[in-house]
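K.L.:
Here is the input, now give the coordinates:
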Amino acid sequence: MKIGSQAHHSSAISTSSEATIVVRGKDLAGELIGHIDFCSYFWLLLTGTLPTAGQRRVLDATLVAIAEHGLVPSAVVARVTLAAAPEALQGAVAAGILGCGSVVLGSSEAAGQFLASIAQRRETGVGLDEAVRSTVLERRAERRPIPGYGHPLHKQADPRVRRLFEVAAEAGLAGPHLDIARHVEKVLPELLGKPLALNVSGAIPAVLLDAGYPLAALKGVPILARTAGLVAHLLEEQLKPIGFVMSHASAAAIDYDGETPLGFIPSHD
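P.N.:
Sure thing, here's the model as predicted:
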């Protein structure tokens, strides 16, 4: 049973013969391996074209910015998974990535869609301030969050944001999405009654969309970047295991408030 239209019966990404592997029209062994960096290869895989020097630099900067941020939920769940299944490195990586959603990592995609919707309004002739304010107020009326703004730790300013914007400017690719992201941050205190600092999940789509990166593939950037960070955590987990330490700490931090059998005495070990 088909789900939706299935009109396509081909792929333009890769093919192979006995002697040659072709990726996006290029000989993998003859033209790509040892000739281009992985960021350029990722861009080629996505778009079918090699990036400019500026595009490559912006993409690389976003991957570096989001690859690691300590013992965040994705790292914790990956380490605990490996502690329970030390033979399944791939399962531990997958466990960490499966939490890529609207609150952590996946918020770059939501922020990108938000910025893109404002950019589309501007294309109809609406000014920057009006486009930003009307979009934010609509989301507030619908009780929807403003993705890409606010951070539990970096409340005043996310240090990664400024540097990503500097890289985009240095690469000559700072454009309308970056302007929109900055203007949203400027008007949020007035519209929401409190300031919300632009975070890295808002800065990443701003610089990537200005660089010509595909909107539909935005979530792939934090997924790819955090995979690298998770592999590092999992190597350390094998060398200096803390998975069960974290598991025991979480159990100790949570109280049981359900019913108990008569005479039950909880263990404090």
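K.L.:
Using CSV, list the CA coordinates for stretch 225-239.
P.N.:
The C-alpha trace of stretch 225-239 is given here as CSV (Å, rounded to 0.1, in the frame of the first residue of the first chain):
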residue,chain,number,x,y,z
ALA,A,225,27.6,17.3,14.6
ARG,A,226,26.3,15.7,17.8
THR,A,227,27.1,12.3,16.4
ALA,A,228,30.8,13.3,16.6
GLY,A,229,30.4,14.5,20.2
LEU,A,230,28.6,11.3,21.2
VAL,A,231,31.3,9.1,19.8
ALA,A,232,33.8,11.0,21.9
HIS,A,233,31.6,10.5,25.0
LEU,A,234,31.3,6.8,24.3
LEU,A,235,35.0,6.3,23.8
GLU,A,236,35.5,8.1,27.2
GLU,A,237,32.8,5.9,28.7
GLN,A,238,34.8,2.8,27.7
LEU,A,239,37.9,4.3,29.3
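K.L.:
and that stretch, which residues are buried?
P.N.:
For stretch 225-239, burial by neighbour count (16 or more other CB atoms under 10 Å) applies to Ala225, Arg226, Thr227, Gly229, Leu230, His233, Leu234, Glu237. C-beta: built from backbone N, CA, C; applies to glycine.
K.L.:
now these in TSV, with pLDDT, distance to Glu31 and secondary structure?
P.N.:
Listed next are the buried residues of stretch 225-239 as TSV, based on pLDDT from 0 to 100; distance: CB to CB, whole Å; DSSP: H, G, I helix; E, B strand; the rest coil:
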residue	pLDDT	distance to Glu31	secondary structure
Ala225	97	26	helix
Arg226	95	29	helix
Thr227	97	26	helix
Gly229	96	30	helix
Leu230	97	31	helix
His233	97	34	helix
Leu234	97	33	helix
Glu237	97	38	helix
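K.L.:
Pick out whichever of the residues you listed sits closest to Val104.
P.N.:
Arg226 (9.2 Å; CB to CB).
K.L.:
Run a quick check on the closest one versus Gly96, I expect a contact.
P.N.:
Yes - between Arg226 and Gly96 there is a contact under CB atoms under 8 Å: 7.1 Å.
K.L.:
shared neighbours, the two?
P.N.:
Common contacts of Arg226 and Gly96 (CB atoms under 8 Å, 6 or more residues apart in numbering): Ser74.
K.L.:
picking that back up, will you turn the buried residues of stretch 225-239 into TSV that also has distance to Tyr41?
P.N.:
Compiled in TSV, those are given as follows (distance: CB to CB, whole Å):
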residue	distance to Tyr41
Ala225	15
Arg226	19
Thr227	15
Gly229	20
Leu230	20
His233	24
Leu234	24
Glu237	28
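K.L.:
Cool, thanks, signing off.
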